[in-house]
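Here is my input; please provide its structure:
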Amino acid sequence: MPRFECQVCDARFDVPQAALDKYPGWQPKYCRDHSPNKKAGKSSAAKRSASSARASGGAKREEHLTRAQVLAKYQDGPSSGVFTDGSSIPNPGPGGWGMVWVDDGRIVAERHGHESDTTNNRMELTALIEAYRTLEVDAETPVYTDSRLCVDTITKWAPGWERKGWKRKGQPLKNLDLVRQLLALYRAHPACPLEWIAAHSGYRWNEYADSLATAWLRGELDETGE
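Reported below is the predicted structural model:
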């Protein structure tokens, strides 16, 4: 069966010869996960989901709450783990990152930071780097992010880029300095899996991490994040 290489993630995928014969001259460029048709379907589903959430009063937008307001408003979601978030406003532009380590609802540590010129993705990656730096190598706790891109980058794509000398066919690798740091830290913490969590869904500690990441907008917290 003919094999091709995805131009997004470099994964190799097979296409039946019968499908190629049906469309003469077709050169598949994307794996199933990155098919434009699949993305379009997800977009429609996401729009329906967002509409449903709004109808039911779900939290689906930036609220820019303080930490105290988050704790007073939200109770749901995991009560243990390291929760991270990052953003820039606008993107690119000034931004911030935040992380909070919680054990059974008790805050073990929290950090935050701010940069004057950055991007959403760099802040998300930075938050994760700081999260893993905070954990001991023998820690056993999940690390949460609401960035699917970060999860897929570290758990799926980066190892392949590394094997190829940190190169990707067709497109340059963005934020490579941060990706390499995070991959090394992720590997150094084998009992701390990187997991995705839905953004702005009312999960207490994810909302708290968001509050830390946007603290710079409200002039809150000191430079150390303590």
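
Where do the strands of this protein begin and end?
Remark: strands assigned in the chain by DSSP state E are 3-5, 12-14, 81-88, 93-103, 106-118, 143-145, 194-196.

Mind putting the ones you listed into a markdown table with mean neighbour count, distance to residue 151 and mean pLDDT?
For every residue, glycine as well, the C-beta is placed using N, CA and C. Shown next, in a markdown table, are the strands of the chain (neighbours: other C-beta atoms under 10 Å; distance: least, C-beta to C-beta, whole Å; pLDDT from 0 to 100):
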| stretch | mean neighbour count | distance to residue 151 | mean pLDDT |
| --- | --- | --- | --- |
| strand 3-5 | 14 | 22 | 63 |
| strand 12-14 | 13 | 20 | 68 |
| strand 81-88 | 28 | 11 | 97 |
| strand 93-103 | 24 | 15 | 97 |
| strand 106-118 | 17 | 20 | 97 |
| strand 143-145 | 26 | 6 | 98 |
| strand 194-196 | 17 | 5 | 98 |
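
Could you export the ones you listed as CSV, including distance to residue 163?
Formatted as CSV, the strands of the chain follow (distance: least, C-beta to C-beta, whole Å):
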stretch, distance to residue 163
strand 3-5, 13
strand 12-14, 12
strand 81-88, 27
strand 93-103, 29
strand 106-118, 29
strand 143-145, 24
strand 194-196, 19
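
can you pull the contacts of the residue nearest to the spatial centre of the chain?
In the chain, the centroid-proximal residue (C-alpha atoms, centre = their mean) is residue 147; its distance is 2.0 Å. Residue 147 makes contacts with 86, 121, 124, 196, as judged by C-beta atoms under 8 Å, 6 or more residues apart in numbering.

Kindly recompute the last result at 7 Å.
Going by C-beta atoms under 7 Å, 6 or more residues apart in numbering, residue 147 touches residue 124.

Return the distance of it relative to residue 119.
Counting by C-beta to C-beta, to the nearest Å, the gap from residue 147 to residue 119 is 12 Å.
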